[in-house]
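*Asks:* Could you look at this predicted model? Sequence included:
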Amino acid sequence: PHAVLDYGCGRGDDLAALHGLGLDATGWDPHFRPDGVCTEADVVNLGFVLNVIEDLAERAEALRRAYGFARKVLAVSVLLGGRTAWERHGAFGDGVLTARQTFQKYFSHPELGAYIAEVLGREPVSVGPGLYFVFRTDAEEQDFLERRQRSTDLRGTEFQVAAWEELCRAGLAAIRRGAV
């Protein structure tokens, strides 16, 4: 099993889901878990973190720092938003202020991919809406793409993608509940 770091783990909902999948997972969050372990891991999850960072330099630094902890792959997921998100909320910087007066940067899927490539200098792999993987090496990336192309084994790549998609859904549910 791969070691996982949940960078920006919030209150730990994703950590609980990762532990539920039997994964060795640790987490760190500047507000909710500042004493959490922030160390290198095979997989680093940066889930719904970039959405809430208002300062552009701080947002880019969070992405770079999370990638720096990834031995194999960084998984980046964000909330996607369209025109209605901008219409419902007041524009603020490059995002919006929600009804709860919290900052949210709603990305489009292509915008997120371009942003990751610009900040990290490495092309990410699109895995699903609002979800990209950024591999540490070309060999890791090619191995993933080959397994994804050929895999029908539910214990392999498809299971891993399904697990990340489930984490994304859990994160959205937490946001909707106001837990985040």
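*Replies:* That came through fine. Quick caveat, the model's predicted, so the values are computed rather than measured.
*Asks:* For Asn45, give me its contacts.
*Replies:* Val4, Leu5, Asp6, Tyr7, Asp14, Leu18, Ala75, Ser77, Trp164, Leu167 (C-beta atoms under 8 Å, 6 or more residues apart in numbering). C-beta: built from backbone N, CA, C; applies to glycine.
*Asks:* Who does the second one form a beta bridge with?
*Replies:* When you say that, I think you mean Leu5. Counting by DSSP bridges, Leu5 is bridged to Thr26, Val44.
*Asks:* Tell me how many other residues surround Asp4.
*Replies:* Check again: residue 4 is Val, not Asp. Val4: 22 surrounding residues under other C-beta atoms under 10 Å.
*Asks:* how much space between it and Gln149?
*Replies:* Val4 is 24 Å from Gln149, where distance means C-beta to C-beta, to the nearest Å.
*Asks:* And for His109?
*Replies:* 21 Å.
*Asks:* Quick check on the two: which one has the bigger neighbour count.
*Replies:* Taking other C-beta under 10 Å, His109 and Gln149 do not tie; His109 has more neighbours (15 against 8).
*Asks:* which residues sit in contact with that one?
*Replies:* Leu80, Ser126, Pro129, Gly130.
*Asks:* quick one: least confident of those?
*Replies:* By pLDDT, Leu80 ranks lowest within the contacts of His109, coming in at 91.
*Asks:* Report how many residues lie close to that residue.
*Replies:* For Leu80, the neighbour count with other C-beta under 10 Å is 16.
*Asks:* pretty sure it contacts Phe107?
*Replies:* Yes - with contact defined as C-beta atoms under 8 Å, Leu80 counts as touching Phe107 (6.2 Å).
*Asks:* Spell out which residues are contacts of both of the two.
*Replies:* Gly130.
*Asks:* ok, of the contacts of His109, which come out buried?
*Replies:* Among the contacts of His109, those buried by neighbour count (16 or more other C-beta atoms under 10 Å) are Leu80, Gly130.
*Asks:* now, which of the contacts of His109 sits nearest Asp29?
*Replies:* Each of the contacts of His109 was checked against Asp29 using C-beta to C-beta; the closest is Gly130, at 20.0 Å.
*Asks:* any idea how far Asn51 is from the closest residue to the closest one other than its chain neighbours?
*Replies:* Spatial nearest neighbour of Gly130, chain neighbours left out: Leu80 (4.5 Å); criterion: C-beta to C-beta, 6 or more residues apart in numbering. The spacing between Leu80 and Asn51, counted by C-beta to C-beta, is 10 Å.
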